[in-house]
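Q: next comes the sequence, and after it the predicted model I'd like to discuss.
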Protein chains: 2
Amino acid sequence: MRVDVVGNVNEVRTIDIAGRSAVVIDVLCTTSTIVTALAYDASAVIAVETVPQAKQMEVKDCIRGGERFDKKITGFEVGNSPYEYMTAGIADKTIILTTTDGTRALIKASKGKHVFAGSFLNVQAVAAALCELQRDVLLLCAGNQDEFALEDGLCAGCIIDELHRQSCSSLQLNDLGIVLHQAVSQCKESIPELVQGSVSGRRLEKLGRVHDISYCSQLNLLDCVPEMGEGNRMQPYRGIRGGKMFKLM
Amino acid sequence: MRVDVVGNVNEVRTIDIAGRSAVVIDVLCTTSTIVTALAYDASAVIAVETVPQAKQMEVKDCIRGGERFDKKITGFEVGNSPYEYMTAGIADKTIILTTTDGTRALIKASKGKHVFAGSFLNVQAVAAALCELQRDVLLLCAGNQDEFALEDGLCAGCIIDELHRQSCSSLQLNDLGIVLHQAVSQCKESIPELVQGSVSGRRLEKLGRVHDISYCSQLNLLDCVPEMGEGNRMQPYRGIRGGKMFKLM
């Protein structure tokens, strides 16, 4: 199984995605937020590229959420902190979500055979889905305004580590994948501290959002794997046989 | 001291370089070749971007060298294997060098206050020069046809590791720098094997150039730090006080 890691959205080409399982990773906070919203029983999250598109979209029982450069969008009900999605009010609602880097990466990945949202929160579950599908994998780190982001890279490294652990056939990694796997082997115990020291971590800390960093740095808290379907609509992956894939946590 | 690592030539912007010490890293093989040629007493290496420019350049006592996509250039005396530069015939000659990624990266870095060529062969010496200068640092990995290359990234990680070891003031690393430093802490003992398994390593192995990979993967073999001056002319860095910086090996 080939596993290629791409360091930011701008580096991905269509050829990298076609026929593959693609995992989009935007730890702070898009993909952590999506998996949280679905774990709290949102009926779906629709990834939307622009603010006007999100405003115009008409969906029954919807909530509009997202950010531009860390600021909540005027007129939207919620921002992009996962904590805003941990309420009973989210159940059975469709979230229309647009963010600076994360939703753009999801839409760019939409040519993949399967497109998942990955985060520290669901590493084991994502790896299990990838092993089940047995397709070549693209791990697409959303990055930070077109630059490599530490938290996304380390999450990619954790997914590779977990693929090894689940003995998921032999893995051929690209150069960035090898480096990230090595890095995670060194620092798996100190991920929360490293994420806090990253560019995004320091930016969120200045905004008083240390609780978001701490939450999003937790490994394997949730067993939900958001999968993108028609109309960029994300819902929990049900596995090849349908039904819940399996209970991990 | 800020230390930023850039993963490939295309990601560098002028703003990253101005006023800094820049280290260009193209382990296989441009920067390894340059430091070897100067260690074998070539009088200078001139980095040239295009083949026609290299052909037209008129310099006394010169040797033309380089490659395009790993092939020696027609009419040039030497290719880009460091072994071709380990001869008495190289002494007092000016090398006119053009390569696919490495010389392009050097020229792109020429806006730096100081521009050095880094490789595994001269990690300690490069770090000593950077500590002496006490400027912010850009480590520019040449990469592999606009993609991140494992060997260049690990070399950047080794330079960061050595800056720490030489207690070179407190370092503020960017996200890629943090990851590469973590990776090197994990795998410093197995660098030759990792480089052999990289995209460039496997490509050179297919061309029967395992000896080049082995040579270029050696840490701290040489104490020469090539520095780029007027006309992209590279000569050994002599230190702030002039004269040989110091003897390391």
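A: Done, it's in. Residues are numbered from 1 along each chain as shown, chains lettered A, B, ... in the order given.
Q: next helix or strand past the helix or strand containing A:Ile95?
A: If you go by DSSP states H and E, A:Ile95 is part of strand A:94-98. Sequence-wise, the next helix or strand downstream of strand A:94-98 (DSSP H and E) is helix A:102-108.
Q: show me how far that next one is from its chain's centre.
A: Offset of helix A:102-108 from its chain centre (C-alpha atoms, centre = their mean, to the nearest Å): 10 Å.
Q: now swap in stretch A:114-124 and tell me
A: 5 Å.
Q: now do stretch A:50-70
A: 18 Å.
Q: give me the pLDDT value at A:Phe69.
A: With respect to pLDDT, A:Phe69 scores 85.
Q: let me redo that: A:Arg203
A: pLDDT, read off for A:Arg203, is 96.
Q: ok, which stretches of chain A are helices?
A: A:14-17, A:30-39, A:51-56, A:102-108, A:123-133, A:150-165, A:175-187, A:191-197, A:199-206, A:210-216 (DSSP state H).
Q: for chain A, which residues are neighbours of chain B?
A: A:7, A:11, A:144, A:147-150, A:153-154, A:174-176, A:178-180, A:182-183, A:185-187, A:194, A:197-199 (C-beta under 8 Å from any C-beta of the partner chain). Every C-beta, even on glycine, is put in place using the N, C-alpha and C of the backbone.
Q: buried ones among those residues?
A: A:7, A:11, A:144, A:147-150, A:153-154, A:174-176, A:178-180, A:182-183, A:185-187, A:194, A:197-199 (16 or more other C-beta atoms under 10 Å in any protein chain shown).
Q: tell me the buried residues in the least confident helix or strand in chain A by mean pLDDT?
A: The helix or strand of chain A with the lowest confidence, counting by mean pLDDT, DSSP states H and E, is helix A:14-17 at a mean of 80. Residues A:16-17 are the ones in helix A:14-17 that count as buried (16+ other C-beta under 10 Å).
Q: ok, residues contacting that helix?
A: A:4, A:6, A:109, A:111-112, A:138 (C-beta atoms under 8 Å, 6 or more residues apart in numbering or on different chains).
Q: how far out from the middle of the chain is stretch A:101-108?
A: 10 Å.
Q: mean confidence score for it?
A: 94.
Q: list the buried ones in that stretch?
A: Residues of stretch A:101-108 classed as buried: A:101-108 (neighbour count, 16+ other C-beta under 10 Å).
Q: residue contacts, A:Val78?
A: A:Val78 neighbours (C-beta under 8 Å, 6+ apart): A:63-65, A:72, A:84-85, A:95.
Q: name the nearest of these relative to chain B.
A: Closest approach between those and chain B, by C-beta to the nearest C-beta: A:Lys72, at 24.9 Å.
Q: now do the same contact list for the closest residue to the closest one other than its chain neighbours.
A: Leaving aside its chain neighbours, A:Lys72 sits nearest to A:Gly79 (3.7 Å; criterion: C-beta to C-beta, 6 or more residues apart in numbering or on different chains). By C-beta under 8 Å, 6+ apart, the contact set of A:Gly79 is A:65-67, A:71-73.
Q: on that earlier part again, now for the helices of chain A, which one comes closest to A:Gly229?
A: helix A:102-108 (11.8 Å; C-beta to C-beta).
Q: tell me what that closest one is packed against?
A: Helix A:102-108 sits against strand A:21-25, helix A:30-39, strand A:44-47, with contacts defined as 3 or more C-beta pairs under 8 Å, 6 or more residues apart in numbering or on different chains; DSSP states H and E.
Q: tabulate these in a markdown table, adding columns for mean neighbour count and distance to B:Val123.
A: Formatted as a markdown table, the helices and strands packed on helix A:102-108 follow (neighbours: other C-beta atoms under 10 Å in any protein chain shown; distance: least, C-beta to C-beta, whole Å):
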| stretch | mean neighbour count | distance to B:Val123 |
| --- | --- | --- |
| strand A:21-25 | 30 | 31 |
| helix A:30-39 | 30 | 37 |
| strand A:44-47 | 26 | 44 |
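Q: output these in JSON lines; the columns should cover mean pLDDT and distance to B:Cys216.
A: Shown next, in JSON lines, are the helices and strands packed on helix A:102-108 (pLDDT from 0 to 100; distance: least, C-beta to C-beta, whole Å):
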{"stretch": "strand A:21-25", "mean pLDDT": "98", "distance to B:Cys216": "32"}
{"stretch": "helix A:30-39", "mean pLDDT": "97", "distance to B:Cys216": "38"}
{"stretch": "strand A:44-47", "mean pLDDT": "98", "distance to B:Cys216": "44"}
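Q: out of those, which gets nearest to A:Val210?
A: Per C-beta to C-beta, nearest to A:Val210 of these: helix A:30-39, 14.5 Å.
Q: other SSEs contacting the closest one?
A: Looks like helix A:30-39 contacts strand A:44-47, strand A:94-98, helix A:102-108, strand A:114-118, strand A:226-229, strand A:233-236 (3+ C-beta pairs under 8 Å, 6+ apart).
Q: out of the ones you listed, which gets nearest to B:Ile213?
A: Closest among the helices and strands packed on helix A:30-39, using C-beta to C-beta: strand A:114-118, at 33.4 Å.
Q: would you put the C-alpha positions of the closest one in PDB?
A: Extracted C-alpha coordinates of strand A:114-118, given in PDB (Å, rounded to 0.1, in the frame of the first residue of the first chain):
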ATOM      1  CA  HIS A 114     -12.900   7.900  -0.500                       C
ATOM      2  CA  VAL A 115     -12.400  11.200   1.300                       C
ATOM      3  CA  PHE A 116     -12.100  11.100   5.100                       C
ATOM      4  CA  ALA A 117     -11.500  13.800   7.800                       C
ATOM      5  CA  GLY A 118      -8.600  12.800  10.100                       C
END
